[in-house]
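Asks: I would like to see how this sequence folds:
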Amino acid sequence: MIIKEVRGCTPKFGEDCFIAENAVILGEVIMGNQCSVWYSAVIRGDVHYIHMGNKVNIQDGAVVHATFEKSPTTIGNNVSVGHNAIVHGCTIKDDVLIGMGAIVMDDCVIESNSIIAAGAVVAKGTHVPSGSVFGGVPAKKIKDISEELLTGEIHRIAENYIKYAGWFKENN
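Replies: All right, here's what the predicted structure looks like:
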(Lines give C-alpha, C1' and ligand atoms only; values in the text may rest on other atoms or scores of the structure.)
Protein backbone atom coordinates (compact mmCIF):
# COMPACT_ATOMS: atom_id res chain seq x y z
CA MET A 1 0.00 0.00 0.00
CA ILE A 2 1.08 3.56 -0.60
CA ILE A 3 0.21 5.94 2.23
CA LYS A 4 1.86 9.35 1.84
CA GLU A 5 1.96 12.70 3.51
CA VAL A 6 1.21 15.53 1.07
CA ARG A 7 1.39 19.26 1.87
CA GLY A 8 1.91 18.45 5.56
CA CYS A 9 -1.16 16.18 5.82
CA THR A 10 -0.94 12.47 6.58
CA PRO A 11 -3.90 10.07 6.21
CA LYS A 12 -5.57 9.07 9.47
CA PHE A 13 -7.36 5.77 9.99
CA GLY A 14 -9.97 4.62 12.49
CA GLU A 15 -9.98 1.25 14.20
CA ASP A 16 -10.34 -2.11 12.48
CA CYS A 17 -9.72 -0.89 8.90
CA PHE A 18 -8.42 -2.96 5.99
CA ILE A 19 -6.18 -1.38 3.34
CA ALA A 20 -5.20 -3.59 0.38
CA GLU A 21 -1.52 -3.92 -0.44
CA ASN A 22 -1.76 -1.87 -3.65
CA ALA A 23 -4.25 0.78 -2.50
CA VAL A 24 -3.06 4.40 -2.59
CA ILE A 25 -4.08 6.90 0.10
CA LEU A 26 -2.54 10.37 0.05
CA GLY A 27 -2.78 13.62 1.97
CA GLU A 28 -5.66 14.89 4.08
CA VAL A 29 -7.74 11.73 4.34
CA ILE A 30 -9.58 10.91 7.56
CA MET A 31 -11.23 7.50 7.69
CA GLY A 32 -13.59 6.18 10.38
CA ASN A 33 -13.79 2.72 11.91
CA GLN A 34 -14.33 -0.58 10.05
CA CYS A 35 -13.53 0.93 6.65
CA SER A 36 -11.92 -0.92 3.79
CA VAL A 37 -9.96 0.26 0.77
CA TRP A 38 -9.61 -2.49 -1.83
CA TYR A 39 -7.17 -3.43 -4.57
CA SER A 40 -6.05 -0.64 -6.90
CA ALA A 41 -8.32 1.92 -5.20
CA VAL A 42 -6.98 5.47 -4.94
CA ILE A 43 -7.98 8.07 -2.34
CA ARG A 44 -6.21 11.36 -3.12
CA GLY A 45 -6.52 13.99 -0.43
CA ASP A 46 -3.77 16.06 -2.02
CA VAL A 47 -5.80 19.01 -3.33
CA HIS A 48 -8.56 19.12 -0.69
CA TYR A 49 -9.70 17.01 2.22
CA ILE A 50 -11.50 13.68 2.06
CA HIS A 51 -13.41 12.69 5.18
CA MET A 52 -15.05 9.28 5.49
CA GLY A 53 -17.30 7.97 8.26
CA ASN A 54 -17.53 4.45 9.67
CA LYS A 55 -18.18 1.28 7.67
CA VAL A 56 -17.18 2.78 4.31
CA ASN A 57 -15.84 0.47 1.62
CA ILE A 58 -13.96 1.79 -1.40
CA GLN A 59 -13.93 -1.15 -3.78
CA ASP A 60 -11.36 -2.28 -6.35
CA GLY A 61 -10.23 0.37 -8.81
CA ALA A 62 -12.39 3.16 -7.37
CA VAL A 63 -11.03 6.71 -7.24
CA VAL A 64 -11.95 9.27 -4.59
CA HIS A 65 -10.61 12.78 -5.21
CA ALA A 66 -11.57 16.46 -4.83
CA THR A 67 -11.12 19.82 -6.55
CA PHE A 68 -8.27 22.09 -5.49
CA GLU A 69 -9.35 24.55 -2.77
CA LYS A 70 -12.95 24.34 -3.93
CA SER A 71 -14.76 21.01 -3.52
CA PRO A 72 -13.77 18.54 -0.79
CA THR A 73 -15.22 15.05 -0.58
CA THR A 74 -17.24 13.95 2.43
CA ILE A 75 -18.56 10.40 2.74
CA GLY A 76 -20.90 9.42 5.58
CA ASN A 77 -21.37 6.13 7.40
CA ASN A 78 -22.31 2.79 5.85
CA VAL A 79 -21.37 3.77 2.30
CA SER A 80 -20.24 1.42 -0.47
CA VAL A 81 -18.33 2.85 -3.44
CA GLY A 82 -18.44 0.15 -6.13
CA HIS A 83 -15.67 -1.20 -8.33
CA ASN A 84 -14.17 1.41 -10.69
CA ALA A 85 -16.48 4.18 -9.48
CA ILE A 86 -15.29 7.80 -9.32
CA VAL A 87 -16.34 10.04 -6.43
CA HIS A 88 -15.07 13.58 -6.95
CA GLY A 89 -15.52 16.70 -4.82
CA CYS A 90 -18.96 15.79 -3.52
CA THR A 91 -20.95 14.94 -0.40
CA ILE A 92 -22.33 11.46 0.13
CA LYS A 93 -24.48 11.07 3.23
CA ASP A 94 -25.14 7.89 5.26
CA ASP A 95 -26.42 4.56 3.90
CA VAL A 96 -25.61 5.08 0.23
CA LEU A 97 -24.55 2.68 -2.50
CA ILE A 98 -22.53 4.08 -5.41
CA GLY A 99 -22.74 1.40 -8.10
CA MET A 100 -19.91 -0.07 -10.14
CA GLY A 101 -18.45 2.34 -12.68
CA ALA A 102 -20.65 5.23 -11.54
CA ILE A 103 -19.28 8.79 -11.57
CA VAL A 104 -20.35 11.38 -9.00
CA MET A 105 -19.03 14.83 -9.94
CA ASP A 106 -18.15 18.00 -8.03
CA ASP A 107 -20.65 19.68 -5.73
CA CYS A 108 -23.17 16.85 -5.89
CA VAL A 109 -25.04 15.91 -2.73
CA ILE A 110 -26.23 12.33 -2.42
CA GLU A 111 -28.66 12.24 0.49
CA SER A 112 -29.03 9.25 2.84
CA ASN A 113 -30.72 6.00 1.85
CA SER A 114 -29.99 6.41 -1.85
CA ILE A 115 -28.50 4.34 -4.65
CA ILE A 116 -26.54 5.57 -7.66
CA ALA A 117 -26.91 2.81 -10.26
CA ALA A 118 -23.95 1.13 -11.92
CA GLY A 119 -22.59 3.21 -14.80
CA ALA A 120 -24.55 6.33 -13.86
CA VAL A 121 -23.02 9.78 -14.34
CA VAL A 122 -24.23 12.24 -11.72
CA ALA A 123 -23.55 15.65 -13.26
CA LYS A 124 -21.89 18.50 -11.36
CA GLY A 125 -24.13 20.07 -8.72
CA THR A 126 -26.87 17.42 -8.81
CA HIS A 127 -28.86 16.93 -5.61
CA VAL A 128 -30.08 13.36 -5.11
CA PRO A 129 -32.95 13.37 -2.60
CA SER A 130 -33.06 10.88 0.26
CA GLY A 131 -34.65 7.57 -0.67
CA SER A 132 -33.95 7.81 -4.41
CA VAL A 133 -32.45 5.55 -7.01
CA PHE A 134 -30.66 7.52 -9.75
CA GLY A 135 -29.32 6.03 -12.98
CA GLY A 136 -28.37 6.82 -16.55
CA VAL A 137 -26.22 9.40 -18.31
CA PRO A 138 -26.81 12.01 -17.11
CA ALA A 139 -28.29 10.39 -13.99
CA LYS A 140 -31.94 11.02 -13.25
CA LYS A 141 -34.34 9.61 -10.71
CA ILE A 142 -35.48 6.12 -11.68
CA LYS A 143 -37.61 5.31 -8.63
CA ASP A 144 -37.97 5.60 -4.89
CA ILE A 145 -35.95 3.22 -2.79
CA SER A 146 -37.79 0.27 -1.31
CA GLU A 147 -37.16 -1.33 2.07
CA GLU A 148 -35.89 -4.35 0.11
CA LEU A 149 -33.23 -2.23 -1.62
CA LEU A 150 -32.30 -0.47 1.60
CA THR A 151 -31.73 -3.65 3.59
CA GLY A 152 -31.02 -6.09 0.74
CA GLU A 153 -28.50 -3.92 -1.07
CA ILE A 154 -27.22 -0.86 0.85
CA HIS A 155 -26.98 -2.46 4.30
CA ARG A 156 -26.11 -5.94 3.05
CA ILE A 157 -23.18 -4.77 0.91
CA ALA A 158 -21.75 -2.52 3.65
CA GLU A 159 -21.91 -5.38 6.17
CA ASN A 160 -20.51 -7.92 3.70
CA TYR A 161 -17.45 -5.74 3.08
CA ILE A 162 -16.72 -5.71 6.81
CA LYS A 163 -16.86 -9.52 6.68
CA TYR A 164 -14.69 -9.72 3.53
CA ALA A 165 -12.09 -7.41 5.10
CA GLY A 166 -11.95 -9.76 8.07
CA TRP A 167 -10.89 -12.62 5.80
CA PHE A 168 -7.88 -10.59 4.63
CA LYS A 169 -6.95 -9.31 8.09
CA GLU A 170 -6.92 -12.92 9.40
CA ASN A 171 -4.24 -13.82 6.86
CA ASN A 172 -1.87 -10.96 7.73
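
Asks: from here on, contacts and neighbour counts on C-alpha atoms
Replies: Fine.

Asks: Pick out the residue closest to the middle of the protein.
Replies: Centroid check for the chain by Cα atoms, centre = their mean gives residue 81 as the closest residue, at 4.0 Å.

Asks: Need phi/psi at that residue.
Replies: Residue 81 has phi and psi values of phi -110, psi 110 when expressed as degrees, to the nearest 10.

Asks: Tell me who's in contact with it.
Replies: Counting by Cα atoms under 8 Å, 6 or more residues apart in numbering, residue 81 touches 56, 57, 58, 59, 62, 97, 98, 99, 100.

Asks: Show me what it is bridged to.
Replies: residue 58, residue 98 (DSSP bridges).

Asks: re the thing from before, filter the contacts of residue 81 to the buried ones?
Replies: Buried members of those, counted by 16 or more other Cα atoms under 10 Å: 56, 57, 58, 59, 62, 97, 98, 99, 100.

Asks: so which strand or helix has the last one?
Replies: The one in question is residue 100. Assessed by DSSP states H and E, residue 100 sits outside every helix and strand.

Asks: My read is that it contacts residue 82, right?
Replies: Yes - between residue 100 and residue 82 there is a contact under Cα atoms under 8 Å: 4.3 Å.

Asks: Then residue 165 would be within a helix, right?
Replies: Yes - Residue 165: assigned to a helix according to DSSP: H, G, I helix; E, B strand; the rest coil.

Asks: Excluding sequence neighbours, find me the nearest residue to it.
Replies: residue 18 (5.8 Å; Cα to Cα, 6 or more residues apart in numbering).

Asks: wait, what's in contact with the one you found?
Replies: 34, 35, 36, 37, 38, 165, 166, 168, 169.

Asks: same thing but 10 Å
Replies: 33-38, 57, 161-162, 164-169 (Cα atoms under 10 Å, 6 or more residues apart in numbering).

Asks: Which secondary structure element is home to residue 149?
Replies: helix 147-149.

Asks: Can you name every helix or strand that the biggest strand by length in the chain contacts?
Replies: Longest strand in the chain by number of residues (criterion: DSSP state E): strand 42-52. Packing partners of strand 42-52 (3 or more Cα pairs under 10 Å, 6 or more residues apart in numbering; DSSP states H and E): strand 2-4, strand 24-30, strand 63-65, strand 73-75, strand 86-88, strand 91-92.

Asks: what's the spacing between the nearest residue to residue 46 once chain neighbours are set aside and residue 122?
Replies: Leaving aside its sequence neighbours, residue 46 sits nearest to residue 27 (Cα to Cα, 6+ apart; 4.8 Å). According to Cα to Cα, to the nearest Å, residue 27 and residue 122 sit 25 Å apart.
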